[in-house]
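Visitor: Mind folding the following:
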Amino acid sequence: MLTVWHFISGDLWAGAEVMAYNLLKHLQQHEDLQIHALLLNEGRLSQELKGLGMDVVALRISFTHIASRRMSWLFCPQDFWERLAL
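Guide: Purely as a prediction, here's the structure:
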């Protein structure tokens, strides 16, 4: 099984968020994929994806804050969940 994380701003419910929702909804149907979403905001996209039963993590921080810091920790699966809890 392949695990796939999608990193999405998720602050609005407009074209990009609707497209992301539809993409993730269809990818979730593939039995060989394990789909997760990492969102910067807890908004409608988060609610809609959780409604599909998808694993969603909302960081509740701005994209500017993320972009200004080193992001290498996002790609380290060993302690991923511990770092999100900070």
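Visitor: Tell me who's in contact with residue 12.
Guide: Contacts for residue 12 (Cβ atoms under 8 Å, 6 or more residues apart in numbering) come out as 43-44. Every C-beta, even on glycine, is put in place using the N, C-alpha and C of the backbone.
Visitor: got a pLDDT number for it?
Guide: Residue 12 is assigned a predicted lDDT (pLDDT) of 84.
Visitor: Report the secondary structure state of it.
Guide: With DSSP: H, G, I helix; E, B strand; the rest coil as the basis, residue 12 sits in coil.
Visitor: do the same with residue 60
Guide: Under three-state DSSP, residue 60 comes out as coil.
Visitor: what about the nearest residue to it once chain neighbours are set aside, how many neighbours?
Guide: Excluding the flanking residues, the one nearest residue 60 by Cβ to Cβ, 6 or more residues apart in numbering is residue 42, at 6.0 Å. Residues within reach of residue 42, counting by other Cβ atoms under 10 Å, total 16.
Visitor: now the one 10 residues further on
Guide: In terms of burial, residue 52 registers 13 neighbours under the definition other Cβ under 10 Å.
Visitor: What are the boundaries of the helices in the chain?
Guide: For the chain, applying DSSP state H gives helices covering 15-27, 44-51, 63-67, 80-84.
Visitor: Distance check, the residue nearest to residue 60 against residue 31.
Guide: Counting by Cβ to Cβ, to the nearest Å, the gap from residue 42 to residue 31 is 29 Å.
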